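Visitor: I would like the atomic coordinates for the input below:
(one chain, ligands or ions: 1)
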Amino acid sequence: MGELFVYNSFSREKEMFTPLHAPNVGLYVCGPTVYGDPHLGHARSAITFDLLFRYLKFLGYKVRYVRNITDVGHLENDADSGDDKLLKKARLEQLEPMEVAKYYTDRYHDMMDALNVCRPSIEPNASGHIMEQIDMVQQILDAGFAYVINGSVYFDVVKYNQQYRYGQLSGRVIEDLFSTTRDNLEGQEEKRNSVDFALWKKAQPEHIMRWKSPWSEGFPGWHLECSAMGRKYLGEKFDIHGGGMDLLFPHHESEIAQSQIANGDTPCKYWMHNNMITVNGQKMGKSLGNSIMLEEFFKGSHKLLEQAYTPMSIRFFILQAHYRSTLDFSNDALQAAEKGLNRLLKAYDTLNALKPSDISSVDIGSLEKDCFAALNDDLNSPIAISVLFDSVRIINSVNEGKESLTKEDIESLTKLYNSVLFDILGLKKEEKSDTGLTDNLIKFVLDLRQKAKANKDFAASDKIRDELNSMGIAVKDTKDGTVWELKN
Ligand code: ZN
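Guide: Numbers count the residues shown, from 1 in each chain. Coordinates of the predicted model:
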């Protein structure tokens with residue numbers, strides 16, 4: 001199977017993957033902030049690390065996959081007003097904050113299930129780990145790398161930078177950060193340096209989510225939860241930390257600083273980041289009106305969408321790009337993905353029905369090797385998929401009698417499809433929709449109508465047509481018989 005190499009964002013090099021405690025692997029991925037519906041960007045991150053999770057398991061590792069739910073303290077990151085996003089949503093919809101978090105957590109799970117994304121081994125909530133976060137703040141304070149002002153605790157980035165380097169992961173230098181850090185955030189004026197970040201924030205009167213701490217009644221800073229929960233479930237040093245590239249700075253950079261001070265080391269051996277999705281060449285964003293929710297894809301209900309797309313088309317579309325490249329959404333690209341996936345699934349059916357020969361006229365030996373060489377090369381799913389497409393040509397020409405394959409070769413091709421297409425890439429045949437049932441029912445009703453017409457019972461036949469019509473089913477009598485279609 002060869003050795004797996006992954007691109008480590010920290011060293012900026014491809015490195016051979018060697019777990020700290022093989023065969024166990026600790027994987028931590030930053031999960032969703034549950035104040036809104038998941039969009040295409042969420043799908044890309046989840047599918048990227050689902051591919052990694054599936055492949056590590058395929059290679060025989062025992063993976064503990066932790067993906068958190070951020071349900072508190074995303075304050076520092078809100079450029080709009082410095083208000084807690086979840087709290088704002090709760091106020092807007094007149095709900096308990098926990099009600100909002102639960103609702104969107106369920107929505108996230110529903111969408112990820114549809115995309116065939118495996119659930120993580122542990123899915124901790126930030127709000128359920130306040131004690132662990134308070135402990136870590138205290139450790140950082142005791143070590144002298146944080147300070148308390150007006151009940152809030154800030155990480156002293158300038159002091160940290162004198163001893164370690166803040167910006168190692170993102171490649172930023174602190175001098176530049178001073179000039180680019182926003183200075184309009186709440187609490188900015190009380191920090192010693194604009195680059196410092198909050199470990200604990202004193203709650204304002206309007207904050208509902210608040211906990212007692214040695215410093216104030218308040219809530220943890222956003223970066224803290226991942227450091228505290230990663231340590232709790234995976235230990236002070238674990239194998240892989242993943243997330244979207246947008247989290248590289250300041251989130252992951254700050255996580256490194258926190259762990260360095262609290263644990264005396266960086267939190268993980270490998271950092272992996274998936275790249276972003278653009279929409280028709282443009283950055284995706286709510287304000288641009290091009291942030292398409294997953295449910296809108298599944299229903300085709302966004303103005304930029306020409307049709308509905310199945311979850312598997314979306315999964316395939318995402319896997320057809322390498323996770324470190326930007327991926328541009330367009331209807332054309334998604335429709336091409338849909339066609340491509342159907343070709344592969346159809347080839348699998350053809351493969352299962354192939355008649356074996358005594359000799360193979362084509363050499364399929366390199367297909368498996370090439371597929372796994374691609375996956376071992378930093379999860380190069382587009383290359384692995386293109387190798388599968390090569391096999392489609394072979395399968396089809398065997399089916400047409402132009403080439404031949406032995407029983408053993410057919411079996412090993414089937415095995416390749418089962419492991420790569422289904423187990424590792426996580427694709428599957430879409431659940432059969434009820435089209436079959438609908439077809440049969442309508443045919444049955446139209447037969448009844450035909451009989452009524454034959455008996456010259458036109459009142460009955462018209463009533464059947466009108467009833468179907470009111471259900472959104474258009475019935476047309478043509479010279480070749482009666483046809484029907486769903487009206488849009
Ligand atoms: Zn995180």
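Visitor: Get me the contact residues on the stretch 201-350 of the chain for the ion.
Guide: Cys226 (CB under 5 Å from the ion). (Glycine included, C-beta is placed from N, CA and C.)
Visitor: Give the full set of residues in contact with Glu15.
Guide: Applying CB atoms under 8 Å, 6 or more residues apart in numbering, we find Glu15 in contact with 5-8, 270.
Visitor: show me where the stretch 351-488 of the chain has strands.
Guide: Along the stretch 351-488 of the chain, counting by DSSP state E, counting those that start in this stretch, strands occupy 473-478, 481-486.
Visitor: Format the ones you listed as a markdown table; extra columns: mean neighbour count, mean pLDDT and distance to Leu40.
Guide: Converted to a markdown table, the strands of the stretch 351-488 of the chain look like this (neighbours: other CB atoms under 10 Å; pLDDT from 0 to 100; distance: least, CB to CB, whole Å):
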| stretch | mean neighbour count | mean pLDDT | distance to Leu40 |
| --- | --- | --- | --- |
| strand 473-478 | 13 | 85 | 33 |
| strand 481-486 | 12 | 80 | 27 |
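Visitor: closest to the ion out of those?
Guide: Across the strands of the stretch 351-488 of the chain, the ion has its closest neighbour in strand 481-486 (44.1 Å, CB to the ion).
Visitor: what angle do the closest one and strand 473-478 make?
Guide: Put simply, strand 481-486 runs at 160 degrees to strand 473-478, going by axes from the mean of the first three to the mean of the last three CA atoms, to 10 degrees.
Visitor: hmm, who's touching strand 481-486?
Guide: 442, 446, 449-450, 468, 472-476.
Visitor: hmm, who's touching stretch 135-149?
Guide: Contacts to stretch 135-149, defined as CB under 8 Å, 6+ apart, come from residues 153-156, 159-160, 190-192, 199-200, 213-215, 220, 224, 227-228, 231, 257-258, 261-262.
Visitor: Give me the buried positions along it.
Guide: 136-138, 140-141, 145-148 (16 or more other CB atoms under 10 Å).
Visitor: Return the subset of those residues lying in helices.
Guide: 136-138, 140-141 (DSSP state H).
Visitor: For these, work out which two are farthest apart.
Guide: Farthest apart among these by CB to CB are Met136 and Leu141. That separation is 9.7 Å.
Visitor: Quick check: closest non-adjacent residue to the residue of the stretch 1-150 of the chain at minimum distance from the ion.
Guide: Residue nearest to the ion within the stretch 1-150 of the chain: Cys30 (3.2 Å; CB to the ion). Excluding the flanking residues, the one nearest Cys30 by CB to CB, 6 or more residues apart in numbering is Gly243, at 3.8 Å.
Visitor: average model confidence for stretch 378-388?
Guide: Taken as a whole, stretch 378-388 has a mean pLDDT of 98.
Visitor: what does stretch 412-431 give?
Guide: Averaging pLDDT along stretch 412-431 yields 94.
Visitor: do stretch 88-99 as well
Guide: Mean predicted lDDT for stretch 88-99 stands at 79.
Visitor: Glu175: which element?
Guide: Here Glu175 sits within helix 174-180, counting by DSSP states H and E.
Visitor: Could you list the buried residues of that helix?
Guide: So for helix 174-180, counting by 16+ other CB under 10 Å, buried means 174, 177.
Visitor: Any idea how far whichever helix or strand comes after that helix is from the middle of the chain?
Guide: Under the assignment DSSP H and E, the closest C-terminal helix or strand after helix 174-180 is strand 197-202. The chain centroid and the centroid of strand 197-202 are separated by 29 Å under CA atoms, centre = their mean, to the nearest Å.
Visitor: Tell me the helices and strands packed up against strand 197-202.
Guide: Packing partners of strand 197-202 (3 or more CB pairs under 8 Å, 6 or more residues apart in numbering; DSSP states H and E): helix 130-142, strand 152-155, strand 218-220.
Visitor: just the angle between that strand and helix 130-142, please?
Guide: Using the same axes, to 10 degrees: strand 197-202 against helix 130-142 is 120 degrees.
Visitor: partners of strand 197-202 in the sheet?
Guide: Taking DSSP bridges as the criterion, strand 197-202 forms sheet pairs with strand 152-155 (antiparallel), strand 218-220 (antiparallel).
Visitor: If you average the pLDDT over it, what comes out?
Guide: The model assigns strand 197-202 a mean pLDDT of 94.
Visitor: Extract the C-alpha trace of that strand and format it as CSV.
Guide: Extracted in CSV, the C-alpha atoms of strand 197-202 (Å, rounded to 0.1, in the frame of the first residue of the first chain):
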residue,chain,number,x,y,z
PHE,A,197,-6.4,37.9,22.1
ALA,A,198,-9.0,37.1,24.8
LEU,A,199,-8.8,34.0,26.9
TRP,A,200,-11.7,35.0,29.0
LYS,A,201,-14.2,37.8,28.5
LYS,A,202,-16.3,39.4,31.2
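Visitor: Next, the buried residues of that strand.
Guide: For strand 197-202, a neighbour-count test (16+ other CB under 10 Å) marks 197-202 as buried.
Visitor: which residues are in contact with that strand?
Guide: 73, 75-76, 134, 136-137, 140, 146, 150-155, 157, 187, 213, 215-221, 223-224, 250, 254, 258.
Visitor: Name the residue of the stretch 101-250 of the chain that lies nearest to the ion.
Guide: Cys226 (3.3 Å).
Visitor: Contact partners for that residue?
Guide: Residues in contact with Cys226, defined by CB under 8 Å, 6+ apart, are 28, 30, 68, 241, 251, 255.
Visitor: would JSON lines of those residues with distance to Gly171, secondary structure and neighbour count be doable?
Guide: Shown next, in JSON lines, are the contacts of Cys226 (distance: CB to CB, whole Å; DSSP: H, G, I helix; E, B strand; the rest coil; neighbours: other CB atoms under 10 Å):
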{"residue": "Tyr28", "distance to Gly171": "22", "secondary structure": "strand", "neighbour count": "29"}
{"residue": "Cys30", "distance to Gly171": "19", "secondary structure": "coil", "neighbour count": "22"}
{"residue": "Asn68", "distance to Gly171": "25", "secondary structure": "coil", "neighbour count": "25"}
{"residue": "His241", "distance to Gly171": "17", "secondary structure": "strand", "neighbour count": "30"}
{"residue": "His251", "distance to Gly171": "15", "secondary structure": "helix", "neighbour count": "19"}
{"residue": "Glu255", "distance to Gly171": "16", "secondary structure": "helix", "neighbour count": "27"}
